[in-house]
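> Sequence and predicted structure are below.
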Amino acid sequence: AILPPASVKDHRDLVDFNIFPNPAKNLLELQIDEKHSNLIDTWAIYDSYGRIAIQASYQQDRSLNITSLTPGAYTLILISNNKVIGSKTFVKG
């Protein structure tokens, strides 16, 4: 059987969170409930082609450094036990 390629959009958010500002310049602020932030192992940012642009382990950090990204649209995903538990799209200005 041929399966369609997996996408970061093929899930429902298990954690409730927000990111701001959007569009962002150098820092992306994560607004997340304390009980949910304990679930996160890693975060990753994908570009519009589905390639990982940044990936890092989550250290309870609320500010994600996105200085290295080129302007454009991206998707931030939060990962727990190798499963996507949340995603948000944002624009790097």
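On my side now, so go ahead. Numbers count the residues shown, from 1 in each chain.
> From now on I want contacts and neighbour counts done on CA atoms only, so please keep to that.
Will do.
> any idea which residue sits dead centre in the chain?
residue 76 (1.8 Å; C-alpha atoms, centre = their mean).
> Show me the contact partners of the lowest-mean-pLDDT helix or strand in the chain.
Using mean pLDDT, DSSP states H and E, helix 34-37 stands out as the lowest-scoring helix or strand of the chain, at a mean of 87. Helix 34-37 is contacted by residues 15-16, 60 when judged by C-alpha atoms under 8 Å, 6 or more residues apart in numbering.
> For my notes, please list the residues you listed in a markdown table and give pLDDT for each entry.
A markdown table is the format used below for those (pLDDT from 0 to 100):
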| residue | pLDDT |
| --- | --- |
| 15 | 88 |
| 16 | 87 |
| 60 | 81 |
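> Tell me the most packed of these, by neighbour count.
Neighbour tally across the contacts of helix 34-37 (other C-alpha atoms under 10 Å): the maximum, 18 neighbours, falls on residue 15.
> Next, the contact list for it, please.
Residues near residue 15 by C-alpha under 8 Å, 6+ apart: 36, 85-86.
> now do residue 68
Residue 68 makes no contacts at all, as judged by C-alpha under 8 Å, 6+ apart.
> Next one: it relative to residue 34, how far apart?
Distance of residue 68 to residue 34, computed by C-alpha to C-alpha, to the nearest Å: 28 Å.
> likewise residue 23?
Distance of residue 23 to residue 34, given as C-alpha to C-alpha: 25 Å.
> which of the two has more neighbours?
residue 23 (15 against 9).
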